[in-house]
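J.: Give me a model of this one.
(chains A and B)
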2 protein chains.
Amino acid sequence: MTKKIKPRVFRGLRDWLPEEMSARLWIIDTIREVYERYGFAPLSTPAIEYYEALTGSAGSEIQSTLFKVNNPDRGVNPGDDALGLRFDLTVPLARVISQYRDLPRPFRRYQVASVYRADKPDPGRFREFTQFDLDAVGVPTTIADVEIMCAMCDTLSALDVGPYQVRFSSRSILNLLLKYAEIPPKVTVGKDDVRPATDVFRVLDKFDKIGAKKVRLELTTGYKDESGDSIPGLGLSNEQVDLIEQFLAIKSEDRDDVLSQLAGLFSDVEGAPEEIAVIKDMSDQLALLGYGSDRIVIDLSIARGLAYYTGPVFEAVLLDAPEFGSVFAGGRYDELVTRFIGEKIPATGASLGVDRLLAALIHLKRVKQEKTPTRVLVTAMDPALTNDYLEMTWELRRAGIPCEMFLGSKRKGIGKQMKYADSLDIPFAVMFGEDEKNRGIVTIKDLQQGRAESQAIEGREQWIRERPGQIEVPRNDLVDRIKELLTDQHK
Amino acid sequence: MTKKIKPRVFRGLRDWLPEEMSARLWIIDTIREVYERYGFAPLSTPAIEYYEALTGSAGSEIQSTLFKVNNPDRGVNPGDDALGLRFDLTVPLARVISQYRDLPRPFRRYQVASVYRADKPDPGRFREFTQFDLDAVGVPTTIADVEIMCAMCDTLSALDVGPYQVRFSSRSILNLLLKYAEIPPKVTVGKDDVRPATDVFRVLDKFDKIGAKKVRLELTTGYKDESGDSIPGLGLSNEQVDLIEQFLAIKSEDRDDVLSQLAGLFSDVEGAPEEIAVIKDMSDQLALLGYGSDRIVIDLSIARGLAYYTGPVFEAVLLDAPEFGSVFAGGRYDELVTRFIGEKIPATGASLGVDRLLAALIHLKRVKQEKTPTRVLVTAMDPALTNDYLEMTWELRRAGIPCEMFLGSKRKGIGKQMKYADSLDIPFAVMFGEDEKNRGIVTIKDLQQGRAESQAIEGREQWIRERPGQIEVPRNDLVDRIKELLTDQHK
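T.: Numbers count the residues shown, from 1 in each chain, chains lettered A, B, ... in the order given. Sure, this is the predicted structure:
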């Protein structure tokens, strides 16, 4: 006897059983419909990429979380390099753009797939999770960014997530802030780690998470966090942080109001009117298309952590479930493809976290979960009537009604078969015995009605004996009658 | 300047660009619809599994092709074991069944996902490929096997693959053959490698591939193949192989005919009438449900290579593309779950090779490929009319028409924009300039008509100047008119 294997999944991974998986598929189907209406086309890339493609494009915090895959050709094919699992879908897109140079441009694609990060897992944070991305490559105009935000809204509306807000800003506005606060192009982190001034954005992005006080410390002297780790400071002066806080204090639900306040604050900053005009154009285009301040706001605290953004940045939150954070986010990244081919190709896009959104929708009770597509269980009580059960099952299936015949152990009587239907929330059961056969009828049991009533009449077993919610119909009317019942149910 | 990264995919992996991916998604959607009508529910499992779960369930030829994944917790969490990428979807199903003991039984699930095998890649054989599996667990009755074969037929019919054939046999019939040919329970391979007699089935499964002569050699003395490798023999006598060949000679398009010939051949074999009666029942049930010999035949040469099968085995081939081999195959495996929990849980199912089927359908020109979902390109010629272009685009989208506005470089004139539409086979373009605006109209160009005519009028450039296939409609009729045109196109 061989050793038994313990059935388990690795820490941070998970299975999706049918109940949640049905909701997940509904989410994916719904998103796909919106993206295709926008003219985005599907793309698929391998989960395994060359390690250098992943590390060359990732920030350092991502590099440490890559899953490595053994290269089966190593030694066989010298020079074959290390492999890893993708950590996002944007880097594979940049590779695709670089590899197939004759792709039509603009290249507008969507991709839904698992990505892998060996982060420290905690509740709600997984090491394999599904992203659904849409991106347009070869699009210099900010109309493309407007389009992405519209698609974000239309997606969230189609998913019926309840109230949501898309918040946007732009790296170009943040660059004006650097000028305004007189932050030089390079900052020195801690002792002698010289970084671009854009590192300030990484810190600002943490505002919601760590608060104003810690942001100030991280921008200036640094601090020790609760666990005693040293967080190095960026060496700004308190006066510079005061100026940054003036900027962050500009808040309004009205987009024009934000922009006019911003114009006031940056009145002496070179280039400000032009950059603000770009955002104003975007805002006006959004308004023209019906995306008002009730759905899309300008939020100057939006910076997005990733290093590769170069223009507008956006993120969406569910207002009834803010604790789930941003469920859909992105921005313009005009230089990511450069990493592969040296050429600068303008691109913009956004990524929806399918699993995080699903968790939020389940929390909000805004998504339907089904344990099975089966609408009708054809019970199998009498082996002599097997052919009748088979025929009924296939009649229903051929009429497009998801249906199954009970195929479990023959020892399971009608009570067990009903329990099986209950455990899967199957709405109807068909019963057919010698008596029904002689009378030319079938019995249809409305299990949902039964489920409600069975609580009143104390217990399922009794309910099965007393048979409420049960109708008899002529055998030949089976399909039509079930169709009617399923339609009624949806009313 | 950092070193440029060469954009490439690892040997045996591939990207799916939109054209093929659209066909692939159509295949997956179509299969899902059939499986859901049969009442199978969706399941998803991680791509990464514990290595021991994979190796404990795989045959030796699969073990050597596993991709290993580094375990990020090694050292951090001692005792954490090696990880690998799944090589099929059946082993993860067995793990799920063992891990969630309170799942309803029967558990009927479908799963579509990538699997990974570090095989030597060759044309048409990939190291990541997509399987679409359906399985029923906890189903002792052969009606479940009948159902799988019916679902295979309905799937292939829904996919409109042209003529196909599902071929089936059973390990129980093959076990009768062992008795008939007096093959002992253990055979000695080569010198002293003792294996179960079922190893004979592995050799028989190669009949189509290597032919009768080599099968005979491999069953008896062994031989040296073209590349000089020694193929060990199973040590049977030539008389035993004669008996096996008698068995394999039973061939008929008529299922009853095969069974009556078989009954004749096995007239002296103990237990034969009972086992043959089981197959006869299955055949009769298939006939009752309308699955005749035109679609499903009994083929005694079907053995399936995998070690875990215990009952009926089946495979499907496309009769117009036999060179693609079996595209959909499976069987009953009543002992796979035992590996995890010691308990025997009867199960049956089949797996469709999505990528292989897609390759066959493309070869047969039986699948539609689309480079984009976009039906209408709103061209953008005059920056002053941007708002008009935006409004038209969103009007069309809101009417459910996949549509995009040209967002490429502003330097691209109307010729380049039309070229873009051509490169994606977009059927219609909308043109709108100062003149149209003043006249309250838009111009719709039928690009498909144009594409056909442009060959007659020598060249695309000239065609654009001469403007055939072009109609003017009132601006307010744009959506309705496009709808009409798209409907006409489908006639």
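
J.: touching chain B at all, the helix or strand where A:Ala144 lies?
T.: Element membership of A:Ala144 [criterion: DSSP states H and E] is helix A:143-158. Yes - shown here: helix A:143-158 in contact with chain B (Cβ under 8 Å from any Cβ of the partner chain) through A:Ile143, A:Ala144, A:Glu147, A:Cys150. Placement of C-beta: from N, CA and C, glycine included.

J.: go on, stretch A:323-342?
T.: Yes - using Cβ under 8 Å from any Cβ, stretch A:323-342 reaches chain B at A:Arg339, A:Phe340, A:Ile341, A:Gly342.

J.: Could I get these in CSV, plus columns for neighbour count and secondary structure?
T.: Output for those, formatted as CSV (neighbours: other Cβ atoms under 10 Å in any protein chain shown; DSSP: H, G, I helix; E, B strand; the rest coil):
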residue, neighbour count, secondary structure
A:Arg339, 20, helix
A:Phe340, 23, helix
A:Ile341, 17, helix
A:Gly342, 10, coil
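
J.: about what we covered before: any buried residues in the helix holding A:Ala144, and which?
T.: For helix A:143-158, the neighbour count (16 or more other Cβ atoms under 10 Å in any protein chain shown) marks A:143-156 as buried.

J.: which one of these is nearest chain B?
T.: A:Ala144 (4.8 Å; Cβ to the nearest Cβ).

J.: Now do the same contact list for the closest one.
T.: Residues in contact with A:Ala144 (Cβ atoms under 8 Å, 6 or more residues apart in numbering or on different chains) are A:Pro106, A:Ala136, A:Thr348, B:Leu407.

J.: What residues does the first one make contact with?
T.: It stands for A:Pro106. So A:Pro106 contacts A:Ala136, A:Val137, A:Gly138, A:Val139, A:Ala144, B:Phe406, B:Leu407, B:Gly408, B:Tyr420 (Cβ under 8 Å, 6+ apart).

J.: Scan chain A for its longest helix.
T.: Looking across chain A with DSSP state H, the single longest helix is helix A:18-37.

J.: A:Met21 contacts B:Arg32, correct?
T.: No - A:Met21 lies out of contact with B:Arg32 (Cβ atoms under 8 Å); the separation is 11.7 Å.

J.: Neighbour count for these two, which is higher?
T.: Neighbours were counted for A:Met21 and for B:Arg32 using other Cβ atoms under 10 Å in any protein chain shown; A:Met21 has more, 22 against 19.

J.: Return the distance of the more buried one relative to A:Asp15.
T.: 9 Å (Cβ to Cβ, to the nearest Å).

J.: what touches both of those two?
T.: Counting by Cβ under 8 Å, 6+ apart, the residues touching both A:Met21 and A:Asp15 are B:Leu43, B:Ser44.

J.: Angles on the backbone of A:Val297, please.
T.: phi -120, psi 160 (degrees, to the nearest 10).

J.: List the contacts of the closest residue to it other than its chain neighbours.
T.: Nearest residue to A:Val297 in three dimensions, chain neighbours excluded: A:Arg167, at 5.5 Å (Cβ to Cβ, 6 or more residues apart in numbering or on different chains). By Cβ under 8 Å, 6+ apart, the residues touching A:Arg167 are A:Ile296, A:Val297, A:Ile298, A:Asp299, A:Ile302, A:Phe314, A:Glu315, A:Ala316, A:Val317.

J.: which among those end up buried?
T.: Buried residues within these, defined by neighbour count using 16+ other Cβ under 10 Å: A:Ile296, A:Val297, A:Ile298, A:Asp299, A:Ile302, A:Phe314, A:Glu315, A:Ala316, A:Val317.
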